[in-house]
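Undergrad: What shape does this take:
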Amino acid sequence: MRLSDTQRLLMPKAAPLSHFSLLMRRLHVDGPLLGGLLLICGFGLFVLYSAVGESSRLLMNQVVRLSVAFVGMIVVAQLSPDFLRRWTPWGYLAGLILLVLVLTKGDVGQGARRWLDLGIRFQPSEAMKLGVPMMAAWYLHDRHMPPRLGQLLVIAVMIVVPTILIARQPDLGTALLIAASGIIVVVLAGMSFRLIAVMGLLAVPGALGLWSLMQDYQKQRVLTLLNPDSDPLGAGYNIIQSKIAIGSGGGSGGLFGKGWTNGSQAHLEFLPERDTDFIFAVLGEEFGLLGVLLLLALYMFVIGRGLFIAVQAHDTYSRLLAGSISLTFLVYVFVNTAMVTGLVPVVGVPLPLVSFGGTSMVTLMAGFGILMSIHSHRKLLPH
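TA: Alright, predicted model coming up:
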């Protein structure tokens, strides 16, 4: 129904947008999501400062990497979901080629071949954290929902091929996370509970097959989870020291921990990898239960905002991709915190946006850039 001139005059006018709001809109940046990410990164720098001690160089490197990651997020946010969908197959294919190059010409470090030097040294497996869910969402776009068995088999191949290539580097932790990101897309597409039950049953022989393919040190990590005290100075050392750090933070400081920079496990160098995989233990020791809950609340806000964006997306590709990015971020948080507290084996997964790192941080921020692009380019339905 068209409005008359009188009705238009009587209608309340929308408040003019501020210059900052206009800038955010032009850059396709989602304010609530950006705010949540900045709070997590700021809190992370606060914890990292204590974890690295006197090493200001590491802290400055983290600030530089965060800055690069945020710039990358804004750049990705300018790309429309339609553009991303059109280029998804080519990006996925390029990722597979890079993974093959890693196995043949990659740099070897600490017994693993995970890095590729093409003028810039990077880890191609990180790009597949986005490439696999994007490819699965691309395939399901404009197809029958829920997916039929034949479609599920095609997606399974899309997920399994890069997963195997990454597991052979070997990097089992990243391989499993990438597989999870693709499976989340399938679940969000409405896979029936019957098929989910069948997959659950197949997981048992699949786990046995995976065990036979695992390296000796990977098997040792699983056995250490069951009984870390069996080798307290070897395979069980990391998780034992991590539990001591978290327990001492709650025991001596209660809700508030021992206080910033006062963690004995970290500063007396009992806690290994305190600036990367085990930084959550530093947080628990120095900030106690309240500090842990604060960080988890910030994570849940970001994940909730991502799921809200997924619900508002205007097409299947955008909905599935936004939902997968958000829930995969939840998986990263769960795996690291569960690993540090001894609930799952140590798999080398950093705490998102808090642990010291480079390539993984850029990948995470690129994913959030995709979320912002999906939200800013959505087609609003007329009232």
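Undergrad: rest of the way, CA atoms for contacts and neighbours
TA: Will do.
Undergrad: Out of the helices and strands in this structure, which is least certain?
TA: helix 5-10 (a mean of 52; mean pLDDT, DSSP states H and E).
Undergrad: and the next element down the chain from that helix?
TA: Downstream of helix 5-10, the first helix or strand assigned by DSSP states H and E is helix 19-26.
Undergrad: and that next one, what other elements does it pack with?
TA: Helix 19-26 is packed against no helix or strand, with contacts defined by 3 or more CA pairs under 8 Å, 6 or more residues apart in numbering; DSSP states H and E.
Undergrad: quick one, domains of the protein?
TA: What automatic domain parsing lists as the domains of the chain is 34-49+58-78+228-374, 91-214.
Undergrad: what would those look like in TSV with distance to Ser21, mean neighbour count and mean pLDDT?
TA: Formatted as TSV, these follow (distance: least, CA to CA, whole Å; neighbours: other CA atoms under 10 Å; pLDDT from 0 to 100):
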stretch	distance to Ser21	mean neighbour count	mean pLDDT
domain 34-49+58-78+228-374	13	21	86
domain 91-214	29	17	84
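Undergrad: Is it possible to get CSV of these that adds distance to Ser18?
TA: Shown next, in CSV, are those (distance: least, CA to CA, whole Å):
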stretch, distance to Ser18
domain 34-49+58-78+228-374, 17
domain 91-214, 34
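Undergrad: Out of the ones you listed, the one nearest His19 is which?
TA: Closest to His19 of the domains of the chain is domain 34-49+58-78+228-374 (CA to CA; 16.9 Å).
Undergrad: Compute the first-to-last residue distance for the closest one.
TA: Length of domain 34-49+58-78+228-374, first residue to last, CA to CA, to the nearest Å: 14 Å.
Undergrad: Stretch 346-360 now?
TA: End-to-end for stretch 346-360, by CA to CA: 18 Å.
Undergrad: can you give me how far that stretch is from the chain middle?
TA: Distance, stretch centre to chain centre, for stretch 346-360: 9 Å (CA atoms, centre = their mean, to the nearest Å).
Undergrad: and if you look at stretch 153-163?
TA: Distance, centroid of stretch 153-163 to centroid of chain: 20 Å (CA atoms, centre = their mean).
Undergrad: in the protein, which residue is closest to the centre?
TA: Most central in the chain under CA atoms, centre = their mean is Phe329, positioned 3.7 Å from the mean C-alpha point.
Undergrad: give the contact list for it.
TA: Ile303, Pro352 (CA atoms under 8 Å, 6 or more residues apart in numbering).
Undergrad: sec struct for it, please.
TA: helix (DSSP: H, G, I helix; E, B strand; the rest coil).
Undergrad: That one and Glu286: what is the separation?
TA: Counting by CA to CA - Phe329 and Glu286 are separated by 25 Å.
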